[in-house]
Structure formats: structure tokens, C-alpha cells
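>>> Got a sequence here, can you build the structure:
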Amino acid sequence: MDKGISTLLEVKEIGMDKKEMIVHSKDSPIGFIYPPKGQGDYFKVREFIFQDKLLTPTFAETISLIYAAWKNPTNEFSKEILNLLNRRLLWVYTGNLYIPNKGVYIQHNPNIKSGELDMEESDLEKKMKEGDATIRFVNFGFEIKELTKEEIYNHPYIMAMAGKEGAEKLAEIRELYGQFYLFSFRNVNKVMKTVSTIYSSQEKILFMSGANLGINRGGYSFGISEAI
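Predicted coordinates for the structure are as follows:
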């Protein structure tokens, strides 16, 4: 992996008490707005982000931010990003739709309808057939456990959540911590809609979850600028 990818390039003043943290990925620069939005549950933090006319971050984008913070440990904003990861959980706006005895649909930035993710199997299947790149599907059978760096690289669920570049970055970030755990479902007995998070425990264990209901009121997220 190119070690120059996803480096915190600069921090720009964009208004009173607001700054833009610019991170590179293979596709294009991403402008994360500081300070983070929160604290609140998944839905409330989403409202905070939209109130400022910002975009919600996907799992791949959030991993890029954490990776950039790790690569720039002396930057004051890098320290705050990692401290937030270690003290709270970061909401990630990549949704999950689990289907019994089948698998999980993954969608970046799903809409909200009647207080829950607006994700329906028939609609997602149709969009996938039409080539919607924001939607992926993973069959059940993937491992849910403590994962090594090598296991993260090729994990089908993580690849679907974060893409190849995101999985590579996450595998490297895992080296910061003694352990990495993935939370998801091996199967479900009814259709389930869940949200995604990433957080750590006392800077020793890194957790990635695709099985969160979004009701924890202690979460944060960084909004993304539309124009960069």
C-alpha cells in the first residue's frame, strides 16, 4: 500500500471556531469539518451534520480520517480525532440490512424514513442491478471474531463496508491496538436494519460494528464539506 495515501495535508480556517481537515484518498481529497458533531444518537448526529449543510461520512471516509490522524501523530487535530475514537464511538453512515438465511446488504448514506433506515431488499436489489455503487451484498458465512491484520485485508464484510483501500488502512490501524474485534451477525431470524460504528477501549482494543441500533446517545461524527 502507498504510505503517502490518506495523509492529513492541511488544516484550513473556514469560519469562527471551524476548521477543515483535508485528507487524501485514492479517489479525491476529503474535507472533514472540525469540531465534530455530537454528542447524540445516530439520528440526532445526522441532523446536526445536515443542519450545517454537510455530508455524512461513510465507513471508507471515516477510516481515511483515522488513518490520516495515525500518520500525523503530532498534529493537534490528529490527537483529538484519536482521543475521540478512544473515549467515545464514531457514528459511520453506512447502513446494514440483514436478511434471514441469506446475508447483509450494505448501503452508504441510506435515507431515513419514519425514524429508521429506509432500506428494503427489493429496492436495494433493483438498484444493485442498475449499477448503484453505493450498495453491496455479502452472504452470511464471514467470520465474526477477533481479526488479525492479515484477516482484515481479505474479509468480505469489511471489504464491502470500506472497499479495498479502506480495508488496507484498517489493517494498518489495527497495529495501533493490541486487538481488533468485528461485531456483526452470523445469521438473523428476522429482517434487521442496523447502523455502523467504530470505537476503541482504553486504546487497547479497536472495535468495528455493523450491528448497532443507533440509540447510544454518546456518539460523534465529523461532517464532510461538499466543496473542496
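
>>> show me where pLDDT drops low in this protein?
Under the criterion pLDDT under 70, the flagged ranges of the chain are 1-9, 25-27, 203, 227-228.

>>> List the buried residues in the lengthiest helix in it.
Determined from DSSP state H, the single longest helix within the chain is helix 156-173. For helix 156-173, a neighbour-count test (16 or more other CB atoms under 10 Å) marks 157-163, 165-173 as buried. C-betas here are computed from N, CA, C, even on glycine.

>>> Which parts of the chain are helices?
Remark: helices assigned in the chain by DSSP H are 42-51, 59-71, 76-87, 121-129, 149-153, 156-173.

>>> Columns distance to Gly223 on top of the ones you listed, output as a markdown table?
Below are these laid out as a markdown table (distance: least, CB to CB, whole Å):
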| stretch | distance to Gly223 |
| --- | --- |
| helix 42-51 | 4 |
| helix 59-71 | 11 |
| helix 76-87 | 14 |
| helix 121-129 | 25 |
| helix 149-153 | 27 |
| helix 156-173 | 19 |
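
>>> now, of those helices, which is deepest in the fold?
Sort the helices of the chain by mean neighbour count, taking mean count of other CB atoms under 10 Å, and helix 59-71 sits at the top with a mean of 24.

>>> Now do it against helix 76-87: the angle between them, please.
120 degrees (axes from the mean of the first three to the mean of the last three CA atoms, to 10 degrees).

>>> Quick check: beta-bridge partners of the spatially closest residue to Tyr177 that is not a sequence neighbour?
Distances taken as CB to CB, 6 or more residues apart in numbering place Leu206 nearest to Tyr177, at 4.3 Å, with adjacent residues excluded. Beta-bridge partners of Leu206, counted by DSSP bridges, are Phe180, Ser200.

>>> if we can go back for a sec, the helices of the chain: which one's closest to Thr197?
Proximity to Thr197 (CB to CB) singles out helix 42-51 among the helices of the chain, at 8.3 Å.

>>> any idea which of the buried residues of helix 156-173 is closest to Trp70?
Ile173 (5.8 Å).

>>> quick one on the thing from earlier: pretty sure the residue nearest to Tyr177 sits against Ser200.
Yes. Counting by CB atoms under 8 Å, Leu206 does reach Ser200; the two are 4.9 Å apart.

>>> shared neighbours of these two, which are they?
Both Leu206 and Ser200 are contacted by Tyr177, under the criterion CB atoms under 8 Å, 6 or more residues apart in numbering.

>>> gap between Lys79 and Gly38?
According to CB to CB, to the nearest Å, Lys79 stands 18 Å off from Gly38.
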